[in-house]
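> would you be able to build a 3D model of this:
(one chain, ligands or ions: 1)
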Amino acid sequence: MTEEPDISAETSDDSGKKREKLSLNHVAKPKNGQGDDPVVIEKLNNRFGDHVIHEDLDLVVKRGEVLGVVGGSGSGKTVLLNSILGLHRPQSGDIHLFGQKLLDAKPEEGKALRAKTGVLFQGGALFSTLSVAENIMTPILEFTRLSPREARQIALLKMSMVGLPLRAADLTPSELSGGMIKRTALARALAVDAELIFLDEPTAGLDPIGAAAFDDLIRGLADSLGLTVFMITHDLDSLYAICDEIAVLADRHVVLKDRIEVLEKSDHPWIHEYFHGPRGRAKG
Ligand SMILES: Nc1ncnc2c1ncn2[C@@H]1O[C@H](COP(=O)(O)OP(=O)(O)OP(=O)(O)O)[C@@H](O)[C@H]1O
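Below is the predicted model of the structure:
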């Protein structure tokens, strides 16, 4: 039996201990980009043996932007994402998250950074034995002092934010459609009020209508919650529909980061082929 979510912004435990503010009501933050960029990467180098993946890669993700990250297969998009998430340690270079040097972060600082970020992995990466609500509760229980009952209420609220019916709360991932899996993974990424969201091919595997709806959801949440979004995608429709800027990975670094209109005019061979090739959208 599902409970109705309590949408009040604060909760307290029964003993009346210090009230824990739960920021269910994200406040839209200004898109100012003034020196508080949530991701700053400088001279990143990654290689596996002799295989150089990134060479002096620089990238800044500005606060409040929806950034699309594109590049050919094997260009290093996932390795870049894993480096930013701290899942892969680069050979050299600096990664700053919210102004803090990731590679120097102490365990508790790393945990605080993780609490401010959410990830939607390719395919959802849900815990197969946990229900939808339990999947979404996992980071809430890890990063806050809320009770399971309170965490469940937040999970139900996040479900409604991403358009999941409450009756899905007790289903397991094997009982969900592809779109519902993505929405559950997105709700989990947003569970602890992350400010920065990483999406790895969020529309892959969805039909065109489902993909467009998911694009709309991402853009709507980004705008209403003031999120910064780093989105790896192969989906040209997503780039046109929701991205403020696009970063192109080629030749072992980010060769261009700009608005799509600028990319369409680029004469870089890979970018030109991407937008003007057989499946491209740009005219001319
Ligand atoms: N753990 C690893 N050991 C060795 N090589 C690796 C490892 N992880 C990635 N690579 C190599 O690094 C290169 C970049 O891989 P990555 O997965 O980042 O590419 P990608 O841009 O995400 O590709 P795709 O779009 O196909 O998913 C590939 O050549 C891959 O084989």
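> quick one: mean pLDDT for the helix or strand containing residue 248?
Assigning secondary structure by DSSP states H and E places residue 248 in strand 245-250. Taken as a whole, strand 245-250 has a mean pLDDT of 95.
> do the same with stretch 186-193
Throughout stretch 186-193, pLDDT has a mean value of 89.
> just the endpoints, please. Distance across that stretch?
Start and end residues of stretch 186-193 are separated by 12 Å (CA to CA, to the nearest Å).
> what does the stretch 1-150 of the chain have sitting close to the ligand?
For the stretch 1-150 of the chain, the residues found near the ligand under the criterion CB under 6 Å from any ligand atom are 48, 53, 71, 73-79. Yep, even glycine has a C-beta here, placed from its N, CA and C like the rest.
> which helix in the chain runs the most residues?
helix 208-225 (DSSP state H).
> one step back: which of the residues of the stretch 1-150 of the chain next to the ligand count as buried?
For these, a burial check counting by 16 or more other CB atoms under 10 Å picks out 53, 71, 75-79.
> in strands only, show me the residues you listed.
Using DSSP state E, the subset of these located in strands is 53, 71.
> turn the buried ones among the residues of the stretch 1-150 of the chain next to the ligand into a markdown table, including pLDDT and distance to residue 139.
Putting these into a markdown table (pLDDT from 0 to 100; distance: CB to CB, whole Å) gives the following:
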| residue | pLDDT | distance to residue 139 |
| --- | --- | --- |
| 53 | 96 | 29 |
| 71 | 94 | 29 |
| 75 | 93 | 30 |
| 76 | 94 | 27 |
| 77 | 94 | 24 |
| 78 | 93 | 21 |
| 79 | 95 | 24 |
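> how about the helices in this protein?
Going by DSSP H, the chain shows helices at 77-84, 107-115, 132-143, 148-161, 178-189, 208-225, 236-242, 260-264, 269-276.
> of the residues of the stretch 1-150 of the chain next to the ligand, closest to residue 185?
residue 78 (16.3 Å; CB to CB).
> and stretch 168-188, what's buried?
Applying 16+ other CB under 10 Å to stretch 168-188 flags 168-169, 171, 173, 176, 179-188 as buried.
> please read the previous query as pertaining to stretch 51-64.
Within stretch 51-64, the residues that count as buried by 16+ other CB under 10 Å are 53-55, 57, 59-64.
> next one: it to chain centre, how far?
Chain-centre distance of stretch 51-64: 16 Å, with CA atoms, centre = their mean, to the nearest Å.
> not counting its own residues, what contacts that stretch?
With contacts defined as CB atoms under 8 Å, 6 or more residues apart in numbering, stretch 51-64 is touched by 29-33, 36-47, 67, 76, 79-80, 83, 90, 93, 196, 222, 226-228, 230, 245, 247, 249, 252-254, 257.
> if we go to 6 Å?
The contact list for stretch 51-64 (CB atoms under 6 Å, 6 or more residues apart in numbering) reads 31, 33, 36-47, 67, 76, 79, 228, 230, 247, 252-254.
> could you do stretch 181-199 as well?
Outside stretch 181-199, the residues within contact range by CB under 6 Å, 6+ apart are 23, 38, 115-120, 124, 126, 132, 135-136, 139-140, 143, 158-159, 162, 164, 214, 227-231.
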